[in-house]
Each structure stands twice: as structure tokens, then as C-alpha cells.
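Undergrad: Structure here, sequence nowhere to be found:
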Ligand code: PLP
């Protein structure tokens, strides 16, 4: 199977598997135990934190290990609304965030949330205008790169804007790691990552915190992670995450390799809109990740395309969430102005590092073949998703 669903998760890198295996054999003790074997694990854990800090360009003590981006985002959101609890306090949030932010903000923030749409034009100027004279806004949330569309936001400029105004800024950098260089990350107040997005183990990640805004408080219990996130640290997974990040960062820092991959993706987009007339690339014309294409088709809902591509040997995702049996329109696509009917016919295609030019061409050919099949079927009004909103 060709992996065009890399934004969902990634296979563990060999270095990460090896590091995890070695640590599970040799450093399995509890890092909080006071006998020498436990202390040794604690020393190794802190060395991993230091090395991780060096790699990310941040102070090691600002890294709180946890189970991944979902937990990191939830910790931050809960802590923010607990600390900024005056009735007028507001959090300014992009409406294109991952559900782990969007939904936790809706639950914990209620009506103390102000949403904005990061548009194609200058997001920073847009935010500057919103913040002007609005002292109720106490923090800003905007992701670096979108998981569904790959669209990249100007996180460095927004971080600078928030810094000038003394506002905490949380940036979900989960999809950036291991895909693009992450220099200047140290300037971010808060960010998060999940190891399984770049070849590390699932269920491991971190939250970067800021000593300027000491309001973060995660799980309470045994006092691990400077008392900010209790629970026995999973050293084998943490060291595996470090090894995976080291290797994938080296790939991401190779500009030539990123550029060539971007050109393969662009060529695919160029071909597919000609082969399937009426198809639309939702991230076209926007700066986006080299591996991600969000494409809406003129016919058939996303599950049809996912299944047909699966049979043809390609892994891709539907661009809409499907919980229970009812496909749900993606809020990210809605924010981009994509019509509901069309959003339900959208695929997210996200290539792994192993995908080469011939794989992109093969994916194009497979889609072309499926499209011919769709056109040869007798037309029926009942084969299409019926958009109840339009009635
Ligand atoms: N943020 C973004 C942008 C993501 O793509 C994901 C996962 O898809 C998450 C957060 C949540 O990550 P995890 O499921 O590893 O906690």
C-alpha cells in the first residue's frame, strides 16, 4: 500500500524502534524511585529533555512530556480559562483548529471565545486590527499547519504580534514537525507535538510552556514533570520520540528535498484538475505543506473514493469527519468557504517521505481510472449525498 495518509499517523522509524527497545530493556525502572536504578532513569530522562530542548531551540525546563497533542491542547485550554476567569476575558481563536482545541475551547470557554478566520490575505494585519483597543482578549490560538488542508499560517509574525502586546499565544505545531524546518520555534510561548506524526511512538508528545505565563497545570498526582503533569514518565517512548525527531528534522531541513516534493505535489494537482473536470484543490494558491492536497470531486462522496483507492493500493483520508454512519462536514472546509455538498466529496491526500514522483503519477492514474468508472455507471439521483441544508 502507498502511504498517502501521513498526516493521520506515521510508521515508527527504525532508530525510534531501536531506542524504545533498548530503553525498555535497560531503563524500565520508575524515574521517581530513589534507588540507584530509578535515579539512573531520571538522569537519562533529563538528558533526553536537554537534547530535545537543544533540537527545538527551547529551554529544556519548558518541555512537559505528556501523551501527545490532544492532551497538551486540553491542558492549555483548561488552564487558560481557569486563570483568565473574569466574565469579560476572551480567547481569540482561529476557526480552523483541530478538534482537540476547537471542541475543548467550546466546552471550557463557552461564550468567552472570539473566533476568527485566517484568510488568504494578511492574517497578522487582520489580528492586529482585532486586538486594537480590545483589552478583553487575553490570549490567541492559531495552528502552524493545518492537518486537513496543509495550509500554513504565519505563526512567527502572529507570535511576534502577541509578544509585543503581552498576550500568551498557543500554536498547534503538531503537523509542522518532521515536515518543515522549525527554526524560531523557541520564540513561541506555547506549542505542542505528537511523536507519532514524525516516526515516533503513539501516545507520546509534549507541551512547551512559557515561564512568562505560569498558568499551565495538567494532571494532578505524583508531582512528575515539575508538578505540571503527573503520571509516571514513559522514558522508552520519550527517548524514541527524540530519536525520531532528530532523524525527521534532518529530512525536513533539506530544502532541496522539500522543494522537489513540492514540485511533485504541484504537478499532481495540475494534472488531476484536467483529468477530473470540476474537481477543486482547496489549498491551491495558499502556502501549504509539501505533502498535503485537499481535493473536492464533482461526484461521489469521499467514502466512495477512499474505498476505491484502498482497492487500488492507496491509503488516503476523507476530508470530512465520519463518526457513526453519518458523514459530517469538516469545519475547516466550511471556514474556507467550501460548499457542504462539495466538502463531503473531499479527500485529504498526505504523502509520506517515501512517496516519490512515480507514486504521485500512479495515484493520478488510479483516480483517473476510478473517474472513468464513475462516468460509465448509469446515473441515479440516489447515489449522491443529499444535502438537507439546501432544502
Ligand atoms: N493537532 C493536529 C494539527 C493534529 O493533526 C492532530 C492529530 O491528527 C492533533 C492535534 C492530535 O494529535 P494526537 O491525536 O496525537 O493527540
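TA: Now that the structure is in, tell me what you want to look at. None of the values given here were measured: they were computed from a predicted structure.

Undergrad: before we move on, what SS does residue 93 have?
TA: strand (DSSP: H, G, I helix; E, B strand; the rest coil).

Undergrad: Who is it paired with across the strands?
TA: Here residue 93 sits in beta bridges with residue 115, residue 141, as judged by DSSP bridges.

Undergrad: Name the residues of the stretch 151-300 of the chain found near the ligand, please.
TA: Residues of the stretch 151-300 of the chain lying close to the ligand by CB under 6 Å from any ligand atom are 172, 174-175, 194, 196. C-beta: built from backbone N, CA, C; applies to glycine.

Undergrad: And those residues, which is closest to residue 342?
TA: residue 175 (23.1 Å; CB to CB).

Undergrad: In the stretch 151-300 of the chain, which residue sits nearest the ligand?
TA: Closest residue of the stretch 151-300 of the chain to the ligand, CB to the nearest ligand atom: residue 194 (3.3 Å).

Undergrad: next one: phi and psi at that residue?
TA: phi -120, psi 130 (degrees, to the nearest 10).

Undergrad: Mind listing what's buried along stretch 180-192?
TA: For stretch 180-192, a neighbour-count test (16 or more other CB atoms under 10 Å) marks 180, 182, 185, 188-192 as buried.

Undergrad: Then stretch 303-311?
TA: 303-306, 308-309.

Undergrad: Redo the residues you listed as a markdown table? Include pLDDT, secondary structure and distance to residue 98.
TA: Output for the buried residues of stretch 303-311, formatted as a markdown table (pLDDT from 0 to 100; DSSP: H, G, I helix; E, B strand; the rest coil; distance: CB to CB, whole Å):
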| residue | pLDDT | secondary structure | distance to residue 98 |
| --- | --- | --- | --- |
| 303 | 96 | helix | 21 |
| 304 | 97 | helix | 25 |
| 305 | 97 | helix | 23 |
| 306 | 97 | helix | 20 |
| 308 | 98 | helix | 27 |
| 309 | 98 | helix | 24 |
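
Undergrad: What is the neighbour count of residue 347?
TA: Neighbour count of residue 347, defined by other CB atoms under 10 Å: 23.

Undergrad: is it true that it lies in a strand?
TA: Yes - under three-state DSSP, residue 347 sits within a strand.

Undergrad: Neighbour count added to the residues of the stretch 151-300 of the chain next to the ligand, as JSON lines?
TA: Output for those, formatted as JSON lines (neighbours: other CB atoms under 10 Å):
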{"residue": "172", "neighbour count": "29"}
{"residue": "174", "neighbour count": "25"}
{"residue": "175", "neighbour count": "28"}
{"residue": "194", "neighbour count": "27"}
{"residue": "196", "neighbour count": "23"}
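
Undergrad: what about stretch 92-110 and the ligand, touching?
TA: Yes - using CB under 6 Å from any ligand atom, stretch 92-110 reaches the ligand at 98, 100.

Undergrad: Now do the end-to-end distance for that stretch.
TA: In stretch 92-110, first residue to last residue: 13 Å (CA to CA, to the nearest Å).

Undergrad: Give me the mean pLDDT for it.
TA: Taken as a whole, stretch 92-110 has a mean pLDDT of 97.

Undergrad: Identify the bridge partners of the residue of the stretch 151-300 of the chain closest to the ligand.
TA: For residue 194, the beta-bridge partners are residue 205 (DSSP bridges).
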